[in-house]
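> only geometry, no sequence info:
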């Protein structure tokens, strides 16, 4: 983990985002807002956010394992949807999740990594 003034805060928010993705992925389909036109964008955006968040908290050598974990989590969560009555497995959803992870990984490589440290320096230096 990067040296941060408030690591507990960054991790707590990150894990709250993970919990949000878990709940959103497994809640009954009839409880969801109607987002069919934007469903894949929602998937990609959620996983982009997760990847970008954790790339802000962890050093670069951890980014690839984080990406692999997020891709696997997206696959598992979509597979778990088959155990619900109102959700189904969608390879397109898994692909959208992967696109989000890859975009987050690329953003980290092009300067987004360690953004938490920069935010802390800006507000608390």
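Now that the structure is in, tell me what you want to look at. The structure presented is a predicted model; accordingly, all values stated were derived computationally and were not measured.

> out of everything not next to it in sequence, what's closest to residue 46?
Once flanking residues are discounted, residue 46 sits nearest to residue 21: 5.4 Å by CB to CB, 6 or more residues apart in numbering. Glycine gets a C-beta too; all of them are placed from N, C-alpha and C.

> got a list of contacts for stretch 70-87?
For stretch 70-87, the external contacting residues (CB atoms under 8 Å, 6 or more residues apart in numbering) are 21-22, 25-26, 28-30, 43, 47, 50-51, 88-90, 93-94, 97-98, 101.

> buried ones among those?
Among the contacts of stretch 70-87, those scoring as buried are 21, 25, 43, 47, 50, 51, 93, 94, 97, 98, 101 (criterion: 16 or more other CB atoms under 10 Å).

> output those as JSON lines; include the columns secondary structure.
What follows is the buried ones among the contacts of stretch 70-87, written out as JSON lines (DSSP: H, G, I helix; E, B strand; the rest coil):
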{"residue": "21", "secondary structure": "helix"}
{"residue": "25", "secondary structure": "helix"}
{"residue": "43", "secondary structure": "helix"}
{"residue": "47", "secondary structure": "helix"}
{"residue": "50", "secondary structure": "helix"}
{"residue": "51", "secondary structure": "helix"}
{"residue": "93", "secondary structure": "helix"}
{"residue": "94", "secondary structure": "helix"}
{"residue": "97", "secondary structure": "helix"}
{"residue": "98", "secondary structure": "helix"}
{"residue": "101", "secondary structure": "helix"}
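
> residue 114: which of those is nearest?
Nearest to residue 114 out of the buried ones among the contacts of stretch 70-87 is residue 51 (CB to CB; 13.8 Å).

> which ones are touching the closest one?
Residue 51 sits in contact with 66, 67, 70, 100, 101, 103, 104, 105, 108, where contact means CB under 8 Å, 6+ apart.

> cool, thanks, talk later.
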